[in-house]
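Enquirer: Structural data only, the sequence is not supplied:
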């Protein structure tokens, strides 16, 4: 009788072990609620090497290796972009900057108007005025509309994309970003 009970327990443990992920990196990312339209990348693809500017300094996504990057493409003339900017700023404030950051890259042709726009119209606190006036980075990503937001893993690989606005400071969005941060540290 005890032997039969132990055999059933062992079978249950094996069944549970087969169906539960061993660690968080094997679990599916939490794509729900405010980020339910986030689309996971179909294949492994490194983020493009095209350059962009942050306050006059040329940079690339390679400079952010080791961090998860929430990369948002926007423009000053795009009403949905402007509406989601404060949420992106709050998300950036909530992130451990050693592990993840938000980059909002303006596709406006005149980069000189981006900093004043962020300061006066949007009142962001932590988002640097990144610009892509020649649209090199936007073209490399194949941007078809604004806003478009990618999540890039600490390994430099594109994890997925959300086209259109989202509420990036919600628990749903934070959980999605945390998933990719934890994936990079496991």
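Expert: Thanks, I have it. Treat the numbers as computed from the prediction; the structure is a model and nothing was measured.

Enquirer: ok, now how distant is the nearest residue to residue 121 once chain neighbours are set aside from residue 120?
Expert: Distances taken as C-beta to C-beta, 6 or more residues apart in numbering put residue 82 closest to residue 121, at 7.0 Å, once the chain neighbours are dropped. C-beta here means a position set from N, CA and C on the backbone, and glycine is covered the same way. As judged by C-beta to C-beta, to the nearest Å, residue 82 and residue 120 stand 12 Å apart.

Enquirer: What strand or helix carries residue 116?
Expert: helix 114-117 (DSSP states H and E).

Enquirer: Next, count neighbours for residue 44.
Expert: 10 (other C-beta atoms under 10 Å).

Enquirer: what sits against it?
Expert: residue 157 (C-beta atoms under 8 Å, 6 or more residues apart in numbering).

Enquirer: and it, backbone torsions?
Expert: In terms of degrees, to the nearest 10, the main-chain angles of residue 44 are phi -80, psi 120.

Enquirer: outside of the helix or strand just after the helix holding residue 116, which residues touch it?
Expert: Note on helix 114-117: by DSSP H and E, the next helix or strand toward the C-terminus is strand 130-131. Strand 130-131 is contacted from outside by 52, 53, 54, 103, 104, 105, 106, 108, 111, 114, using C-beta under 8 Å, 6+ apart.

Enquirer: now swap in stretch 28-41 and tell me
Expert: 151, 157-164, 166-168, 170-173, 175-176, 179-180.

Enquirer: cool, and stretch 60-70?
Expert: Taking C-beta under 8 Å, 6+ apart as the rule, stretch 60-70 contacts 47-52, 71, 88, 91-92, 98-103, 149-156, 168, 177, 180-181, 184.

Enquirer: Same question for stretch 74-88.
Expert: Against stretch 74-88 from outside (C-beta under 8 Å, 6+ apart): 70, 72, 102, 104-108, 113-114, 117-118, 121-124, 127, 146-147, 164-170, 173.

Enquirer: By neighbour count, sort out the buried ones in those residues.
Expert: The neighbour count (16 or more other C-beta atoms under 10 Å) marks 70, 72, 102, 104-108, 114, 117-118, 122, 124, 127, 146-147, 165-170, 173 as buried among those.

Enquirer: In the chain, mark out all the helices, start to finish.
Expert: When assigned using DSSP state H, the helices of the chain occupy the ranges 2-19, 79-94, 114-117, 136-141, 171-185.

Enquirer: Next, the buried residues of the last one.
Expert: When you say that, I think you mean helix 171-185. Quick answer for helix 171-185 (16+ other C-beta under 10 Å): 172, 173, 174, 176, 177, 178, 179, 180, 181, 183, 184.

Enquirer: before we move on, what about the fourth one?
Expert: Buried residues in helix 136-141, counted by 16+ other C-beta under 10 Å: 137, 138, 140, 141.
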